[in-house]
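next comes the sequence, and after it the predicted model I'd like to discuss.
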Amino acid sequence: MRLEITCQDRLGLCQEILAILRENEIDLRGIEVDPIGKIFLNFPAMEFADFQALMPKIRRIPNVEDVKTTSHMPSEREHYEFNLLLSTLPNPVISVDAKGHIDVINSAGAALLSTDKDALKGEHIDDCLGGFSVGRWLERKPKDPDNAQVKCGRSVYYANLFPIWLTDDEGEPSFAGAVVHCQSEPIAVPGVSEQGSAAFAAILTQHASMRKILKDAERMASLEVPLLIEGETGVGKELIARACHRASRRSKKPFLAVNCGALPDNVAESELFGYGAGAFNSRSEAKKGIFEQAAGGVVLLDSVGDMSRELQAKLLRFIQDGSFRRIGEETEVKVDVRVICSARGFLLDRVESGDFREDLYYRLNVLNLQLPPLRERRGDVALLTEHFLQQSCQRLGRPLVRLSQSARNFLTQYSWPGNVRQLENTLFRAVSMLEGDVLEVEDIQLPELPALATGFDIDLEQTTLEDAVKTFEAGLLRRMYPSYPSTRQLARKLGLSHTAIANKLREYGIGKQRKLNG
């Protein structure tokens, strides 16, 4: 039972209330005094007749204005609100004492550690998180907040560390522990620009070839020459390009991207190079193109292989001397920008088919990065899955979702023709439609890939060895082509020359019809 007593402050008021409780042999469980003029009492339930006799006694105390029952004590409401807030936060939050033992952890934190909240209480945080010793940080009794990169299993998180300082009875500050707030995105430190490896920190990988690519990209970021980034759709070409920009001396200048394959020729030319006043009609005003708008910065030409040959010629001249003419003007415009290009697959395939100028290719291909598809770095699937799960929960404002082992195995074994972008979108859709807090295989919607032909369905009585081999070969190439949509990629995978693969694709009518030079 709980009572709310409204009163005016008076010396000895609480003692008189407690004296009445003692006279009636009431076991007081708790008392809270609100500075706005209220006293709250918590004691065991009592008989109605005894309660009726108690209330007038309290009301007759001088300065007491009202007495009524209440459903909760102020501290109970605060505790409920605190737990409700923690449970709905999508980010893991862990409160530890001065020695580093977990005192409070929210549902997202328990899901991150794949353990029940009650079982985690009292555990040392360094036994749960790696990569940074929170215990040693606590030993210093820090005054200011800090941040660090921590690991949980194979996943990387970024933690805000907030020290807790209280005031004791004598008014002296006392160190009481800290609150650790984890998030999947890198922590932005005000006033610190991203340079070097810090610019690539958001690109998660544990695959050796991808790590080497990131090291190469870090070195290439500071070079003032064109960069060509090749890879399948969805592997993160623009992500690498933006990281190169942030790590370069041009980081304070604009980064502008244009999709060359999404714009018609006339629109693409005006978007890139701009046009003069009256270029299209007497009332049209002059407009700066992308290259002028990005002066001093970086322009990313996405899907550069889809650019028309007419536009390629104008781009070639700009790459050579940094100058161009706006549409409808004779005056030369000269700007200083770094050009980064991205291409689906290998741009050299477009050169060999006659769709892309060879001289422009070698102008753009001064520095080159070839990003591997996700299916060739399956170890990254689990790492990226944890990242995208937390990111999706943050965007949707829901507690962290856990992934069942069967779903984890399913995602790892899938070939991901859409690569990282497909994985990200798949997980966001699954989390947004999930009603529970555990993601199972049936919650994940992915298109089935064509089955691999085995050759055992061939009528052995009605075929020759040559026909059987061709049937199996055609089935194999049809199965693999969506995952390796480039003669060079497919040839490298199968250990053949790209010319041989191109001939076989043409023979079986798979993919685009290719023209080979001489």
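Right, received. Where do you want to start? Just so it is clear, the structure is predicted and the values come from calculations on it, not from any experiment.

when you work out contacts or count neighbours from here on, use the C-alpha atoms and nothing else.
Will do.

kindly export the helix or strand containing residue 292 (C-alpha atoms) in CSV.
Here residue 292, judged by DSSP states H and E, is contained in helix 290-293. C-alpha atoms of helix 290-293 as CSV (Å, rounded to 0.1, in the frame of the first residue of the first chain):
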residue,chain,number,x,y,z
ILE,A,290,29.3,19.1,-62.4
PHE,A,291,33.0,19.6,-63.1
GLU,A,292,32.8,23.4,-62.4
GLN,A,293,30.6,22.8,-59.3
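
quick check: residue 227 touching residue 343?
No. The pair residue 227 and residue 343 fails to qualify as a contact (C-alpha atoms under 8 Å) at a distance of 11.1 Å.

and these two? Which one has more around it.
Applying other C-alpha atoms under 10 Å to residue 227 and residue 343 shows that residue 227 carries more neighbours, namely 25 against 22.

gap between the two ends of stretch 216-224?
Using C-alpha to C-alpha, to the nearest Å, one end of stretch 216-224 lies 15 Å from the other.

list the buried residues for that stretch?
217-218, 220-222 (16 or more other C-alpha atoms under 10 Å).

the lowest-mean-pLDDT helix or strand in the chain: what's the following helix or strand?
Taking mean pLDDT, DSSP states H and E as the measure, the helix or strand of the chain with the lowest value is helix 74-88, at a mean of 75. Using DSSP H and E, the helix or strand that follows helix 74-88 towards the C-terminus is strand 93-96.

just checking, what packs against the helix or strand following that next one?
The C-terminal neighbour of strand 93-96 among helices and strands, as given by DSSP H and E, is strand 102-105. Counting contacts by 3 or more C-alpha pairs under 8 Å, 6 or more residues apart in numbering; DSSP states H and E, strand 102-105 packs against strand 93-96, helix 117-120.

need the strands for the stretch 101-250 of the chain, in chain order.
102-105, 146-152, 155-167, 173-183, 227-231 (DSSP state E, counting those that start in this stretch).

out of the ones you listed, flag the one nearest residue 445.
When those are compared for distance to residue 445 using C-alpha to C-alpha, the nearest one is strand 155-167, at 23.6 Å.

by contact count, what packs against the closest one?
Under the contact rule (3+ C-alpha pairs under 8 Å, 6+ apart), strand 155-167 is packed against strand 146-152, strand 173-183, helix 379-396.

starting at the chain centroid, how far to the first one?
Using C-alpha atoms, centre = their mean, to the nearest Å, the mean C-alpha position of strand 146-152 is found 16 Å from that of the whole chain.

same check, this time on the second one
Shown here is strand 173-183, whose average C-alpha point lies 25 Å from the average C-alpha point of the whole chain (C-alpha atoms, centre = their mean).

which residues in it does the neighbour count mark as buried?
Buried residues in strand 173-183, counting neighbours by 16+ other C-alpha under 10 Å, are found at 175-183.

which of the buried residues of stretch 216-224 lies closest to residue 37?
Looking at the buried residues of stretch 216-224 and their distance to residue 37, the nearest is residue 218, at 63.7 Å (C-alpha to C-alpha).

verify the stated contact: the closest one with residue 244.
Yes. The pair residue 218 and residue 244 qualifies as a contact (C-alpha under 8 Å) at a distance of 6.7 Å.

list the buried residues for the helix or strand that contains residue 14?
When secondary structure is defined by DSSP H and E, residue 14 falls within helix 13-23. For helix 13-23, burial by neighbour count (16+ other C-alpha under 10 Å) applies to 13, 17-18, 21.

now the angle between helix 74-88 and the helix or strand following that helix, please.
Toward the C-terminus, helix 13-23 is succeeded by strand 30-34 as the next helix or strand (DSSP H and E). An angle of 90 degrees separates the directions of strand 30-34 and helix 74-88 when computed by axes from the mean of the first three to the mean of the last three C-alpha atoms, to 10 degrees.

so what are the sheet partners of strand 30-34 and their directions?
Strand 30-34 has its sheet partners listed here by DSSP bridges as strand 38-42 (antiparallel).

what does the strand it pairs with contact?
Outside of strand 38-42, the residues within contact range by C-alpha atoms under 8 Å, 6 or more residues apart in numbering are 1-7, 28-34, 73.

which strands and helices sit next to the helix or strand just after that strand?
Using DSSP H and E, the helix or strand that follows strand 38-42 towards the C-terminus is helix 48-59. If contacts are counted by 3+ C-alpha pairs under 8 Å, 6+ apart, helix 48-59 sits against helix 13-23, strand 64-69.

again, 10 Å this time
For helix 48-59, the packing partners by 3 or more C-alpha pairs under 10 Å, 6 or more residues apart in numbering; DSSP states H and E come out as strand 2-7, helix 13-23, strand 64-69.

who's in contact with it?
Residues outside helix 48-59 that contact it (C-alpha atoms under 10 Å, 6 or more residues apart in numbering) are 3, 5-7, 16-18, 20-21, 24, 45-46, 64-69.

which among the residues you listed end up buried?
Buried subset of the contacts of helix 48-59 (neighbour count, 16+ other C-alpha under 10 Å): 3, 5-7, 17-18, 21, 64, 67.

just give me the closest of these to residue 510.
Here the nearest of the buried ones among the contacts of helix 48-59 to residue 510, counting by C-alpha to C-alpha, is residue 3; it sits at 80.7 Å.

my read is that that closest one contacts residue 69, right?
Yes. Contact criterion C-alpha atoms under 10 Å: residue 3 and residue 69 qualify, at 4.4 Å.

about what we covered before: can the buried ones among the contacts of helix 48-59 go into JSON lines with extra columns for distance to residue 325 and pLDDT?
Output for the buried ones among the contacts of helix 48-59, formatted as JSON lines (distance: C-alpha to C-alpha, whole Å; pLDDT from 0 to 100):
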{"residue": "3", "distance to residue 325": "83", "pLDDT": "91"}
{"residue": "5", "distance to residue 325": "83", "pLDDT": "91"}
{"residue": "6", "distance to residue 325": "81", "pLDDT": "90"}
{"residue": "7", "distance to residue 325": "83", "pLDDT": "90"}
{"residue": "17", "distance to residue 325": "90", "pLDDT": "89"}
{"residue": "18", "distance to residue 325": "91", "pLDDT": "90"}
{"residue": "21", "distance to residue 325": "93", "pLDDT": "89"}
{"residue": "64", "distance to residue 325": "87", "pLDDT": "90"}
{"residue": "67", "distance to residue 325": "85", "pLDDT": "91"}
